[in-house]
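>>> can't give you the sequence, but here's the structure:
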């Protein structure tokens with residue numbers, strides 16, 4: 001199933017895979033993340049609406065990212081990984097560094113959140129490249 005060169009099944013699988021990756025990432029680094037973000041366990045318990053919003057955002061992200069990968073001229077795992085690294089380091093991580101520095105947040109928060117988004121993009125890039 002395609003939409004303007006974008007494989008919608010790959011997009012759905014990439015969203016599911018990256019959502020699962022995020023669950024594992026913050027499951028492992030949750031305590032360190034809460035400390036770095038100055039949040040209590042009660043403040044970080046997501047309600048179902050927040051989880052739905054997060055998944056919808058992952059779905060939108062996967063669709064847009066599939067379009068980016070498609071426009072590189074090749075849609076394969078290699079293109080997905082290269083695109084993930086370029087977007088992850090060049091756009092996402094740099095944006096988080098700027099935001100966290102102005103917010104006075106610790107570098108540990110930047111590395112935890114930045115690592116999460118880089119992982120999300122890598123999972124999405126691999127899945128989209130593999131299934132397209």
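All right, it came through fine. Keep in mind the model is a prediction, meaning the values are calculated, not measured.

>>> which strands or helices does the top helix by length along the chain pack on?
Once the chain is assigned using DSSP state H, the helix that runs over the most residues is helix 8-37. Packing partners of helix 8-37 (3 or more C-beta pairs under 8 Å, 6 or more residues apart in numbering; DSSP states H and E): helix 48-70, helix 107-131. The C-beta positions use only the backbone N, C-alpha and C, and glycine is treated the same way.

>>> what angle separates the first one from helix 8-37?
Yep, that's helix 48-70 we're talking about. Using axes from the mean of the first three to the mean of the last three C-alpha atoms, to 10 degrees, the direction of helix 48-70 lies 120 degrees away from that of helix 8-37.

>>> distance from the helix or strand following helix 48-70 to the middle of the chain?
Toward the C-terminal end, the helix or strand that comes next after helix 48-70 (DSSP states H and E) is helix 77-87. Counting by C-alpha atoms, centre = their mean, to the nearest Å, helix 77-87 is centred 13 Å from the centre of its parent chain.

>>> which residues touch the helix or strand just after helix 77-87?
Where DSSP H and E defines the elements, the next helix or strand beyond helix 77-87 is helix 94-103. For helix 94-103, contacts defined as C-beta atoms under 8 Å, 6 or more residues apart in numbering pick out 105, 106, 107, 109, 110, 113, 114, 117.

>>> check stretch 29-48 too.
26, 54, 105, 106, 108, 109, 112, 113.

>>> ok, so of the contacts of helix 94-103, who is nearest residue 75?
residue 117 (21.4 Å; C-beta to C-beta).

>>> hey, which helix or strand in this structure has the poorest pLDDT?
Ranking every helix and strand in the chain by mean pLDDT, DSSP states H and E puts strand 2-3 at the bottom, with a mean of 68.
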